[in-house]
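K.L.:
Sequence unavailable; structure follows:
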Ligand SMILES: NC(=O)C1=CN([C@@H]2O[C@H](COP(=O)(O)OP(=O)(O)OC[C@H]3O[C@@H](n4cnc5c(N)ncnc54)[C@H](OP(=O)(O)O)[C@@H]3O)[C@@H](O)[C@H]2O)C=CC1
Ligand SMILES: O=C1OC[C@@H](O)[C@H](O)[C@H]1O
């Protein structure tokens, strides 16, 4: 008889859009994606608004009976029947909320962007290590079968050394009279919630640059990049377009990461506009269809391919969710194996990415409020208590 899967008990912090998508994926049987070694249990959900919001959330996701609900994040992190807390609040809140969970002795999976500043990311990592807890930034894209396959292909040398990655993750959200299709209070453009294209969407362009140009560098030759960036600001003060050039001189490689809120990477929504990502070496290139955050199809163009291209489709069947369960499976395996971080996205790499984004925001003169940039933990911060 096959051994029972190792099951982890999740506590969900916040009840917004991504919390719903993540939980719906958690509730899909792992066996349906061929996973038998780990499983997931939805143990509790907390809303900073009210217990009633958490109750309503359970109905929305069609949760099984027996899931606890709380009207505060503090109650959630103190629940002894939880193995890991999923932080699904806006970027502005990640540092304080993840600290709240770590300080209560909980393992943490924290949504992207990890934090607002690099110092906050370092403090989270330092705290998790001091308390011997698991911590991971929830960059789900890295755990897609397509991402794994492409990292393997690049490592196998199919392109020769990769010298260039160009990646775009942009959405077409232009509104009337120069505005964007978001109210100014919306987390996409609101500086109080660390809004802006870079922290929300540009992180995926950087994910592609990093998972190829940085992650695959041999450990002994790890080289953080030089950064040149330019930003257009929206009327709220958040960035609406950000362009970043990275150079890794020791590896002779370069990356270009683009993001914006006016022109989509996939203008007709049909993926006919061309690739969002190009990974290039002397022997050929790999092109990945948009969106960069949910990659499902790629093609290989070989220098000696005689004009033929190889197309590889990694679609997810319509009834098989969004694809967030692969990162959840990674968390379960790490907890099972006593690993305190994911090898696919080590904490040191999340920190370097935060350093790059911080530098880009500095060059673009984007300023966020002190409340959300401090790296001093405050359990009573309104970011933890829900005071809005
Ligand atoms: N991996 C992915 O594909 C995606 C990741 N994300 C990431 O997830 C995070 C949340 O995004 P998303 O779910 O879209 O955001 P939503 O605005 O839909 O939800 C955020 C939730 O955070 C809680 N919250 C606490 N304080 C505030 C506040 N002051 N303002 C607004 N919400 C607050 C609320 O839950 P409550 O009231 O219950 O406490 C709210 O429902 C972001 O970091 C984003 O980058 C987002 C979309 C996709
Ligand atoms: O992480 C994300 O991916 C999907 C986008 O629509 C969303 O804004 C972003 O937060």
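P.N.:
Arrived safely. Fair warning: this is a prediction, and the values are worked out from it, not measured in the lab. Ligands and ions are numbered 1, 2, ... in the order given.
K.L.:
Flag every residue of the stretch 51-200 of the chain that's near ligand 1.
P.N.:
53, 88, 89, 90, 91, 93, 111, 112, 140, 187, 193, 200 (C-beta under 6 Å from any ligand atom). (Each C-beta comes from the backbone N, C-alpha and C, glycine too.)
K.L.:
From residue 36, how far off is the nearest residue to the last one once chain neighbours are set aside?
P.N.:
Spatial nearest neighbour of residue 200, excluding adjacent residues (C-beta to C-beta, 6 or more residues apart in numbering): residue 188 at 6.1 Å. Between residue 188 and residue 36 the distance is 39 Å, computed by C-beta to C-beta, to the nearest Å.
K.L.:
Look at those two and report which has more neighbours.
P.N.:
Shown here are residue 188 and residue 36; by other C-beta atoms under 10 Å, residue 188 has more neighbours (24 against 12).
K.L.:
Does the more buried one touch residue 175 like I think?
P.N.:
No. Under the criterion of C-beta atoms under 8 Å, residue 188 makes no contact with residue 175, lying 11.8 Å away.
K.L.:
Need the overlap of contacts for those two.
P.N.:
Common neighbours of residue 188 and residue 175 (criterion: C-beta atoms under 8 Å, 6 or more residues apart in numbering): residue 182.
K.L.:
dump the residue contacts of the residue nearest to the spatial centre of the chain.
P.N.:
By C-alpha atoms, centre = their mean, the chain has its centre lying nearest to residue 139, at 2.7 Å. By C-beta under 8 Å, 6+ apart, residue 139 lies in contact with 112, 203, 204, 207, 327, 345.
K.L.:
same check, this time on residue 322
P.N.:
21, 24, 25, 294, 316.
K.L.:
right, and the secondary structure at it would be what?
P.N.:
Following DSSP: H, G, I helix; E, B strand; the rest coil, the label given to residue 322 is coil.
K.L.:
Pull up the gap between it and ligand 2, please.
P.N.:
In this view, residue 322 and ligand 2 are 10 Å apart by C-beta to the nearest ligand atom, to the nearest Å.
K.L.:
And residue 281, by the same measure?
P.N.:
Residue 281 is 28 Å from ligand 2, by C-beta to the nearest ligand atom.
K.L.:
Count the neighbours of that residue for me.
P.N.:
Neighbour tally, residue 281, other C-beta under 10 Å: 19.
K.L.:
Run through the bridge partners of it.
P.N.:
residue 284 (DSSP bridges).
K.L.:
pLDDT value on it, please?
P.N.:
We have a pLDDT of 98 for residue 281.
K.L.:
Return the subset of the residues of the stretch 51-200 of the chain next to ligand 1 lying in helices.
P.N.:
53, 91, 93 (DSSP state H).
K.L.:
What are the neighbouring residues in contact with the nearest residue to the first one once chain neighbours are set aside?
P.N.:
Using C-beta to C-beta, 6+ apart and skipping the chain neighbours, the partner closest in space to residue 53 is residue 47 (3.7 Å). Taking C-beta under 8 Å, 6+ apart, we find residue 47 in contact with 14, 15, 53, 54, 57, 69, 70, 71.
K.L.:
in what helix or strand does the fifth one lie?
P.N.:
Right, residue 57. helix 51-60 (DSSP states H and E).
K.L.:
after that helix, next one along is what?
P.N.:
Downstream of helix 51-60 (by DSSP H and E), the next one is strand 68-70.
K.L.:
where does the closest residue to residue 221 other than its chain neighbours fall, phi/psi-wise?
P.N.:
Of all residues not flanking residue 221 in the chain, residue 250 sits nearest, at 6.7 Å (C-beta to C-beta, 6+ apart). Phi and psi for residue 250, reported as degrees, to the nearest 10, are phi -60, psi -20.
K.L.:
What sits closest to the one residue in the chain that gets nearest to ligand 1 if chain neighbours are left out?
P.N.:
At 1.8 Å from ligand 1, residue 16 is the closest residue in the chain, using C-beta to the nearest ligand atom. Once flanking residues are discounted, residue 16 sits nearest to residue 88: 6.4 Å by C-beta to C-beta, 6+ apart.
K.L.:
Surely that neighbour touches residue 26?
P.N.:
No. Applying C-beta under 8 Å, one finds residue 88 not in contact with residue 26, separated by 11.8 Å.
K.L.:
what's near enough to touch the residue nearest to residue 16?
P.N.:
Residue 88 neighbours (C-beta under 8 Å, 6+ apart): 12, 13, 14, 16, 18, 19, 22, 111.
K.L.:
What's the local residue count around the second one?
P.N.:
Spelled out, that is residue 13. Neighbour tally, residue 13, other C-beta under 10 Å: 29.
K.L.:
List the beta-bridge partners for it.
P.N.:
residue 46, residue 87.
K.L.:
could you measure it against residue 94, distance?
P.N.:
10 Å.
K.L.:
ok and the residue in the stretch 51-200 of the chain nearest ligand 2?
P.N.:
residue 200 (4.7 Å).
K.L.:
mind listing what's buried in the lengthiest helix in the chain?
P.N.:
Once the chain is assigned using DSSP H, the helix that runs over the most residues is helix 347-363. Of all the residues in helix 347-363, those buried under the rule 16 or more other C-beta atoms under 10 Å are 347, 349-361.
K.L.:
and after it, which helix or strand comes next?
P.N.:
helix 370-373.
K.L.:
now what about that following helix, what contacts it?
P.N.:
92, 93, 95, 116, 117, 120, 192, 193, 194, 381, 382, 383.
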